[in-house]
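Trainee: sequence plus predicted model, see below.
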Amino acid sequence: MAEEVLRMQGITKIYPNGFMANKDVTFGIGAKEIHALVGENGAGKTTLMKILFGMEDCQNGQIFINGKEEKIANPLDAIAKGVGMVHQHFMLLPSLTVAENVVLGVEPMKNGLFDFEGAVKSTQEIADKYNFKVDATARVSTLSVGQMQKVEILKALIKGAKILILDEPTAVLTPQETEELFEQLFHLRDSGVSVIFISHKLEEVMRICSRVTVLRHGECMGTYDTKDLDESKISRLMVGRDVILKIEKEDPKPDKPILEIKNLRRFNSFGKPVIDGVTFTVRSGEVVGIAGVEGNGQSELSEVLAGLSGFAEGDVVLNGKSIRGLSVRQIRDNGMAYIAEDRMVEGVAGDMSIEMNIMADRFTKQNYKTGLFINSAKMREETLKLIKDFEILCDSPDQPVRMLSGGNIQKVVVAREFTSGANFILANQPTRGIDVGTAEMIRKTIVRKSREEGTCTVLISADLNEVLECSDRLLVMRKGKVVAAFPKANEVSEDTLGEYMLGIKAMTPEQMEGLL
Amino acid sequence: MNKTQRIEAIMEVVRILAGMAIAYLVALLILIAFSNDPVFIVKQFILGPFSSPRRIGSIINLAVPFTLCGLSMCFMYAVNKFNLIGESIFMLSGCIITFIGLKIGANMPAVILVPLLLLIGAAIGAALSFIPAIMDRKLNANVVVVSLMLNAVITQLAIYILRYFMKDPGISFIGSHETHAAMQLPTILGKMRVGSGVIIALIFVAVISIIFFKTSFGWKMRIVGSNPKFATAVGLSTLGISFAAQLAGGALAGVAGATEIMNSYKRFQWTASTGHGFDGLLVAVLAKKNPILVPFGALFLAYIRIGADVVNTSGDIPNEFISVIQGIIILLVAAESFLSGFKNKLIYRSVQAEKAGRKDK
């Protein structure tokens, strides 16, 4: 390793809710290095990087850049000191052009006005310098996710970033786009930029990084040369045991159809179809996975199935009854349970107690009442039982949900949805951003309920491992359509899936016949 | 309760008390700056409200409408709709129940007349509150704007009714005829001369606390107010519930207006908006939209108002300076991150101590 360009020493961060995200973390990166920061979801990777980028303050610790101690007050300060960050969720203005997005904050001026030509020119220059192929005059809203990411990287580079933080950059990319990103990262490294690569995809880390720093539960487990490691060693450092990625399950015995989606179409406010003629049936006892790059109609489909949005054409029939025009309450009473994509938005009310959150879908029912009043004793009893069954770590049922960790919040969600008595479970990103143990419990419960209780499940997930292992059948969505269907999810390779997700291949209706 | 929760709870109280203490300090500084006899005035301001049983009674009497209006705002606030229509409901309700009371109350016993008039007040409140609530629900019109505009209209309506249909020509000021004895609530607690309206207020505190915490409607309101998207996703009718809560809040403002007339007045004589609706908002904020805490917020507000009155009558300070103090209190109590840095530091320390302790074991 050459000289060290960045050192974070003894960083400790405690959030106002008492959660200790980083504990005495120390790590350093060298010049011209791609350095991996790995750890489970919730291990404190993003927090550590937010501290480096000035978005969070820390209670303890020092940051050295090129050997000099620096206090980083805010992101502008970080940029001035040569640190750039590409967030997991892009921070772009979609209605502006690439050039306008890139120069934001360092706008070239001519005669006191914004110099668009100059912006295009300097964007093109920096793109050429680092070998990025983007059209500086294109509107960001017309770009693919992979191209947007390039714009994000260019944004950092044009401000002179010498240390570039990439927070799970490949999570939103198809396998092919990932390859392209790696080429660019190598190029960046060779031209003198140090890259911090946050990921939990270990094979990627092994391929492109020279060293790895592992975080576990907010603590640093050490920095290693990748040549001394292999994937199973890293995973042991990360979780203290080998991650079991296989889910043992019997073959499904699909029975009568529970959910029938017929030629469903939905349009956005601009009249563009966001769900474009989707047809498939889910039978009792099976789990149907829906894969796809995010933003290809999965969220919209989920909203329709959950009753949160209407649809223009076609029909959705649940347990023999069309859901058109029904309220969420009526659809739920007809057998639907819903694990929402963003648990803090639709999954829980953060300020309310655990008890209220678990009981939220059922306290209005007659058997939870005594006369005019709610039956507090019964609800308390049931809540305590569910807290125990789902191993929710908390002090009391009266604790506000927001005080729990992400995994425990999701346990509150599933404790409610898995016990509502529904025979159709709509699980949208059920394990996003939570610890491995809870994720495993949720996946196993989904499979177990389908096998033992005959529930049907639609599993929408961006986690390929999850859709491949947890699902029985697998569908791929692209641009609002189902473009591929596989009878056995665990026999599909990620590469094949990537080709369908990216649109390089698509199945014909004949090929998918009998699989929908 | 774990440590973090306990610190949050304690800091909540500390925050409110500190906000009040700062407001007091400012009030005292103003008094010292503008008064010729600051020591006397300061003493009057702090201790004056307790100097006679009559004054203590006045605090309680003043707290009665504050409590009812605070409860009314609890409903609005619970579903996150800052529907301020209570301000004019209070006035029109007082006007109409006086009008009806004068017409029908001559030979009615109090036990029938008082509840009947309260019911009429509630109906007026619910009906008026229906307007901004339905516009919010069906037309997506901002409740704050609609209710404020309507306040002006309804206030003028009440004044119109008073001037043209109720005015007693035999008195030197604008006011209705004297109400029948049956609708003048008797005083209790001897020398303190507390109106029995306080009993009505306390009954409502109890009933509404039960509604909030022990009925499914209360749960629904709290869930809708806390996270409407979540409420929708679990199958609650978010629009319907916030609509119903606004009607309930309006009904309570109507009860408040009716109670105030029967408790403290012999005539309807309001010729301008009374400000009780906004006082209710302040009380609800002080009470953190918890109906059980509303009477305490109301008593505190009544105490500083009486303090201001005492200073006003016995000193050389105008009544208006109280609005300055009120403003500071709202600012400091409603500003949720006031003292949050201090709170976070406490939490940080306790977590660190806890982790260190765990390691030792």
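Mentor: Looks like it arrived, so ask away.
Trainee: show the contacting residues for the residue in the stretch 101-250 of chain A that chain B sits nearest to.
Mentor: Nearest residue of the stretch 101-250 of chain A to chain B (C-beta to the nearest C-beta) works out as A:G218 at 10.0 Å. C-betas here are computed from N, CA, C, even on glycine. Residues counted as contacts of A:G218 (C-beta atoms under 8 Å, 6 or more residues apart in numbering or on different chains) are A:M20, A:A21, A:N22, A:K23, A:V25, A:A43, A:G44, A:T47.
Trainee: same thing but at 6 Å, please
Mentor: The contact partners of A:G218, taken as C-beta atoms under 6 Å, 6 or more residues apart in numbering or on different chains, are A:M20, A:A21, A:N22, A:K23, A:G44.
Trainee: of those residues, which is the most crowded?
Mentor: A:N22 (28 neighbours; other C-beta atoms under 10 Å in any protein chain shown).
Trainee: SS state for the closest residue to that residue other than its chain neighbours?
Mentor: Residue nearest to A:N22 in three dimensions, not counting chain neighbours: A:K13, with 4.3 Å by C-beta to C-beta, 6 or more residues apart in numbering or on different chains. Under the three-state scheme (DSSP: H, G, I helix; E, B strand; the rest coil), A:K13 adopts strand.
Trainee: what about residue 109, how many neighbours?
Mentor: Just so you know, I chose chain A. 10.
Trainee: was after chain B, sorry
Mentor: Count around B:P109 with other C-beta under 10 Å applied: 9.
Trainee: list the contacts for the nearest residue to it once chain neighbours are set aside?
Mentor: Closest residue to B:P109 apart from its sequence neighbours, by C-beta to C-beta, 6+ apart: B:A182 at 6.4 Å. By C-beta under 6 Å, 6+ apart, the contact set of B:A182 is B:G105, B:M108, B:A110, B:L113.
Trainee: report pLDDT for B:A182.
Mentor: The model reports B:A182 with a pLDDT of 87.
Trainee: one step back: same list, the contacts of A:G218, but as CSV with secondary structure please.
Mentor: Listed next are the contacts of A:G218 as CSV, based on three-state DSSP:
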residue, secondary structure
A:M20, strand
A:A21, strand
A:N22, strand
A:K23, strand
A:G44, coil
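Trainee: of those, just say which sits nearest to chain B.
Mentor: If you rank the contacts of A:G218 by distance to chain B using C-beta to the nearest C-beta, A:M20 comes first, at 5.8 Å.
Trainee: thinking that closest one is in contact with A:T12, fair?
Mentor: No: contact between A:M20 and A:T12 fails when scored by C-beta atoms under 6 Å: they sit 7.6 Å apart.
Trainee: quick check: closest non-adjacent residue to the residue in the stretch 51-200 of chain B positioned nearest to chain A.
Mentor: Closest to chain A within the stretch 51-200 of chain B is B:N80: 11.6 Å, counting by C-beta to the nearest C-beta. Spatial nearest neighbour of B:N80, chain neighbours left out: B:G225 (4.8 Å); criterion: C-beta to C-beta, 6+ apart.
Trainee: next: B:F173.
Mentor: B:Q269 (6.7 Å).
Trainee: ok, the one you found to chain A distance?
Mentor: Using C-beta to the nearest C-beta, to the nearest Å, one gets 40 Å for the distance from B:Q269 to chain A.
Trainee: helix/strand/coil for that residue?
Mentor: coil.
Trainee: that one: neighbour count?
Mentor: 18.
Trainee: where does it land on pLDDT?
Mentor: 92.
Trainee: cool, and the one 5 residues further on?
Mentor: The per-residue pLDDT reported for B:T274 equals 90.
Trainee: swap in A:V239?
Mentor: Confidence score, pLDDT, at A:V239: 60.
Trainee: give the contact list for A:T97.
Mentor: A:T137, A:R139.
Trainee: from A:V38, how far out is it?
Mentor: As judged by C-beta to C-beta, to the nearest Å, A:T97 and A:V38 stand 35 Å apart.
Trainee: show me where pLDDT drops low in chain A?
Mentor: Scanning chain A with the threshold set as pLDDT under 70 gives A:1-2, A:17-19, A:40-42, A:200, A:235, A:239-246.
Trainee: quick one: name the residues of it near chain B.
Mentor: A:14, A:16, A:18, A:20, A:59, A:328-329, A:332, A:340, A:345-346, A:349, A:351-352, A:360-361, A:363-364, A:373-374, A:395 (C-beta under 6 Å from any C-beta of the partner chain).
Trainee: which ones among these map onto helices?
Mentor: In this view, those that belong to helices under DSSP state H are A:V328, A:R329, A:R332.
Trainee: hmm, the last one is touching B:G235, no?
Mentor: Yes: with contacts defined as C-beta under 6 Å, A:R332 counts as touching B:G235 at a distance of 4.6 Å.
Trainee: what do these two both touch?
Mentor: Joint contacts of A:R332 and B:G235 (C-beta under 6 Å, 6+ apart) do not exist.
Trainee: show me what from chain B comes close to chain A.
Mentor: B:2, B:4, B:214-216, B:219, B:223, B:226-227, B:229-230, B:233-235, B:344, B:347-348, B:351.
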